[in-house]
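Visitor: okay, here's the prediction I keep looking at, along with the sequence it came from:
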Amino acid sequence: MRSSGVSRRPFHSSETSYGPSRSASRRGTGPELRPDLRLTTRLRGLRACLPLDAKRKPSRQSGFESWYPYYAGFTEEFARGVLVELGGGRSLTVLDPWNGSGTTTRIAYEMGHRAIGLDLNPVANLVATAKLVHPEDALHVPGFTRRLASAKPVGVRPSDPLLLWMAPSVAEQYRAMEAAILNELGTTSSGAVADLRTESIPPLAAFMLLALVRAAREAASLRDVTNPTWTMPGEGRRKAIRTLGTRWQAHVARMAEELAARRTVLSRSAWLGQIRTADARALPIRAEQVDVVLTSPPYCTRIDYVVSSSFELAALGIGSNSAEFERLRLATMGTPLARRGEPPEIPRAWPADIRSLLASIRAHPSKASRSYYYKTFWQYFADARAALAELNRVLRVGGLAVFVLQTSFYKEICVDLPALYVGLARSLGFNGVVVGAARVQRALAQIHPHSVHHRRESLYREAVVALEKAA
Ligand SMILES: C[S@@+](CC[C@H](N)C(=O)[O-])C[C@H]1O[C@@H](n2cnc3c(N)ncnc32)[C@H](O)[C@@H]1O
């Protein structure tokens with residue numbers, strides 16, 4: 001295995017933690033790793049929250065947790081365990097800046113905490129908001145849904161992104177029902193209808209809309225591709241079906257039952273948190289407002305979250321040939337797209353292990369390593385650094401960020417993301433520790449069918465990293 005300076009020891013001992021580096025520490029602690037027993041002691045209970053990947057077992061790929069086929073970073077049990085451990089009976093402000101399908105926001109709300117879930121992708125925000133609906137409300141909307149489903153089809157613009165995926169008559173039914181939902185449940189007091197590309201809607205509206213999107217996906221034509229993270233329109237989009245409304249009602253009923261079947265229920269307390277479209281690199285939150293960050297950032301595996309949600313984005317009005325789609329793809333952390341400009345130099349301010357990894361990738365003899373791959377990895381760490389700096393700003397002193405991260409590979413080079421995040425966070429003024437690690441049953445990198453490493457199961461590890469905002 002090639003050494004990147006970080007690959008020889010894929011995991012730091014879970015008993016070791018590190019204080020901020022010289023540049024960040026007020027006390028001027030040296031750059032050497034400083035065991036921080038206080039932090040390790042504080043986090044002892046977190047290890048009991050492992051394992052993380054139970055959600056990817058087949059039994060978890062149905063019901064409530066499968067409302068959107070997202071590769072979630074951690075289980076609900078893990079999120080609950082972490083918040084019990086860190087909350088100690090207090091009410092917390094909990095943030096997930098890469099909220100995805102909303103495991104953190106759902107569990108934090110369930111437990112009575114104030115939750116903030118942010119994601120660049122409006123599809124993720126729709127799913128996360130839908131998960132906040134109260135089962136009593138969801139179970140009692142069939143009559144309402146039937147009425148909305150009878151909305152008269154409306155004409156669609158020739159530029160409507162749904163037309164790439166379905167016959168015009170189906171898109172017309174879809175837009176009529178979508179307008180009915182938004183008119184009834186998604187307008188503000190001034191009568192303005194929410195713009196789904198950027199604005200939030202209430203949980204019941206999100207629940208009904210997600211059911212409609214799922215029904216429409218069934219009625220759409222999607223190409224069969226070997227890579228499950230790549231979604232493209234198929235050839236059968238002229239097929240006209242008249243029953244989108246009936247399918248929608250069936251989805252609403254099934255999803256309501258799945259919600260009601262959950263062992264943990266939401267209280268009737270008002271949803272005081274927020275789920276919104278935002279960039280983790282520029283958080284719309286004032287300084288020192290957050291107690292706990294619980295999240296799973298995109299990994300270094302070139303998964304294109306935007307392309308994988310192409311159909312759902314089209315439903316929300318963002319077509320795959322639009323400038324907005326391209327903007328989203330470019331802005332997403334871990335994007336496989338190289339942003340404009342020359343491959344940049346490695347900043348001296350970045351930690352040695354990241355600099356050494358990037359240098360190894362740049363020097364790798366394989367095709368495009370020096371140009372494309374080096375640049376995408378460079379972008380990844382630039383984004384991770386910007387986001388960590390933002391988390392440091394919004395956390396209260398002593399507040400904790402808990403990250404779930406996976407190792408991956410570039411060719412034979414191990415990218416030990418958990419250790420790299422600890423080093424990066426430390427350079428920005430956090431104390432950091434790898435709390436525990438586990439072997440991954442199905443790593444995100446292995447989802448790529450052409451991954452040369454997909455048989456190297458034993459080498460994939462998933463770890464919990466905890467970062468504390470230092471005083
Ligand atoms: C690994 S997923 C999170 C999974 C989540 N923990 C769950 O339970 O579903 C990463 C998420 O980060 C989002 N994302 C990527 N870049 C982002 C950015 N710059 N700002 C905010 N969200 C971003 C992606 O859209 C994706 O939903």
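Guide: Looks like it came in fine.
Visitor: show me what from the stretch 101-250 of the chain comes close to the ligand.
Guide: Within the stretch 101-250 of the chain, the residues that sit near the ligand (Cβ under 6 Å from any ligand atom) are 101, 103, 118, 119, 120, 121, 124. Yep, even glycine has a C-beta here, placed from its N, CA and C like the rest.
Visitor: excluding chain neighbours, what is closest to the one residue in the stretch 301-450 of the chain that gets nearest to the ligand?
Guide: Among the residues of the stretch 301-450 of the chain, residue 333 lies closest to the ligand, at 3.6 Å counting by Cβ to the nearest ligand atom. Nearest non-adjacent residue to residue 333, counting by Cβ to Cβ, 6 or more residues apart in numbering: residue 383, 4.2 Å away.
Visitor: low-confidence ranges, the stretch 201-350 of the chain, go.
Guide: 223-230, 234-240, 265 (pLDDT under 70).
Visitor: doesn't the residue of the stretch 301-450 of the chain closest to the ligand lie inside a helix?
Guide: No. Counting by DSSP: H, G, I helix; E, B strand; the rest coil, residue 333 falls outside a helix, being coil.
Visitor: assumed residue 264 was part of a helix.
Guide: No. Secondary structure of residue 264 (three-state DSSP): coil, not part of a helix.
Visitor: quick check, residue 89 in a helix?
Guide: No. Secondary structure of residue 89 (three-state DSSP): coil, not part of a helix.
Visitor: ok, how many other residues are close to it?
Guide: When neighbours are counted by other Cβ atoms under 10 Å, residue 89 registers 5.
Visitor: okay, domains of the chain per the record?
Guide: Following automatic domain parsing, the chain resolves into domains at 1-124+269-299+334-471, 133-265.
Visitor: residue 313 is nearest to which of these?
Guide: Nearest to residue 313, of all the domains of the chain, is domain 1-124+269-299+334-471, at 5.9 Å by Cβ to Cβ.
Visitor: gap between that closest one and the chain center?
Guide: In terms of Cα atoms, centre = their mean, to the nearest Å, the centre of domain 1-124+269-299+334-471 is found 11 Å from the chain centre.
Visitor: with distance to residue 316 added, can I get the domains of the chain in TSV?
Guide: Formatted as TSV, those follow (distance: least, Cβ to Cβ, whole Å):
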stretch	distance to residue 316
domain 1-124+269-299+334-471	5
domain 133-265	4
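Visitor: three-state assignment of the residue nearest to residue 333?
Guide: Three-state call for residue 383 (three-state DSSP): helix.
Visitor: with residue 270 instead?
Guide: Classification of residue 270 using three-state DSSP returns coil.
Visitor: ranges for the strands of the stretch 301-450 of the chain?
Guide: Secondary structure of the stretch 301-450 of the chain by DSSP state E, counting those that start in this stretch: the strands cover 395-406, 408-410, 413-415, 430-439.
Visitor: quickly run through the sheet partners of the longest one, with directions.
Guide: Strand 395-406 has these partner strands in its sheet, going by DSSP bridges: strand 290-295 (parallel), strand 461-469 (antiparallel).
Visitor: in that strand, what counts as buried?
Guide: For strand 395-406, burial by neighbour count (16 or more other Cβ atoms under 10 Å) applies to 395, 399, 400, 401, 402, 403, 404, 405, 406.
Visitor: in contact with the first one, which residues are there?
Guide: In other words, residue 395. Contacts for residue 395 were tallied using Cβ atoms under 8 Å, 6 or more residues apart in numbering; they are 288, 290, 291, 293, 401, 469.
Visitor: can you give me the distance of the residue nearest to residue 333 to residue 101?
Guide: For residue 383, the distance to residue 101 equals 21 Å [Cβ to Cβ, to the nearest Å].
Visitor: so between the two, which is more surrounded?
Guide: Counted by other Cβ under 10 Å, residue 383 and residue 101 do not tie: residue 101 has more neighbours, with 26 against 20.
Visitor: separation between the spatially closest residue to residue 245 that is not a sequence neighbour and residue 252?
Guide: Among residues not flanking residue 245 along the chain, residue 149 sits closest, at 3.2 Å (Cβ to Cβ, 6+ apart). Distance of residue 149 to residue 252, computed by Cβ to Cβ: 9 Å.
Visitor: more crowded one of the two?
Guide: residue 252 (26 against 21).
Visitor: and that one, which of the three is it?
Guide: Assigned by three-state DSSP, the conformation of residue 252 is helix.
Visitor: for the residue of the stretch 1-150 of the chain at minimum distance from the ligand, helix, strand, or coil?
Guide: The stretch 1-150 of the chain approaches the ligand most closely through residue 100 (2.8 Å), counting by Cβ to the nearest ligand atom. Here residue 100 is coil, with the state taken from three-state DSSP.
Visitor: tell me how many other residues crowd it.
Guide: Neighbour number of residue 100 under other Cβ under 10 Å is 26.
Visitor: let me see the contact set for the closest residue to it other than its chain neighbours.
Guide: Among residues not flanking residue 100 along the chain, residue 124 sits closest, at 5.1 Å (Cβ to Cβ, 6+ apart). With contacts taken as Cβ under 8 Å, 6+ apart, residue 124 has the following neighbours: 68, 70, 99, 100, 101, 102, 305, 309.
Visitor: residue 124: what secondary structure?
Guide: Here residue 124 is helix, with the state taken from three-state DSSP.
Visitor: separation between it and residue 306?
Guide: Taking Cβ to Cβ, one finds residue 124 at 10 Å from residue 306.
Visitor: then residue 425?
Guide: Per Cβ to Cβ, residue 425 is found 26 Å from residue 306.
Visitor: tell me which of those two has more neighbours.
Guide: Higher neighbour count among residue 425 and residue 306: residue 425, with 30 against 23, using other Cβ under 10 Å.
Visitor: ok so, going back, residue 131 is in contact with the residue of the stretch 1-150 of the chain closest to the ligand, correct?
Guide: No. The criterion here is Cβ atoms under 8 Å, and residue 100 misses it with residue 131 at 11.0 Å.
Visitor: which parts of stretch 305-312 are buried?
Guide: By neighbour count on 16+ other Cβ under 10 Å, the buried set for stretch 305-312 is 305, 306, 307, 308, 309, 310, 311, 312.
Visitor: please name the bridge partners of residue 437.
Guide: Beta-bridge partners of residue 437, counted by DSSP bridges, are residue 463.
Visitor: up against the ligand, what does the stretch 251-400 of the chain have?
Guide: Residues of the stretch 251-400 of the chain lying near the ligand by Cβ under 6 Å from any ligand atom: 279, 280, 281, 296, 298, 305, 331, 332, 333.
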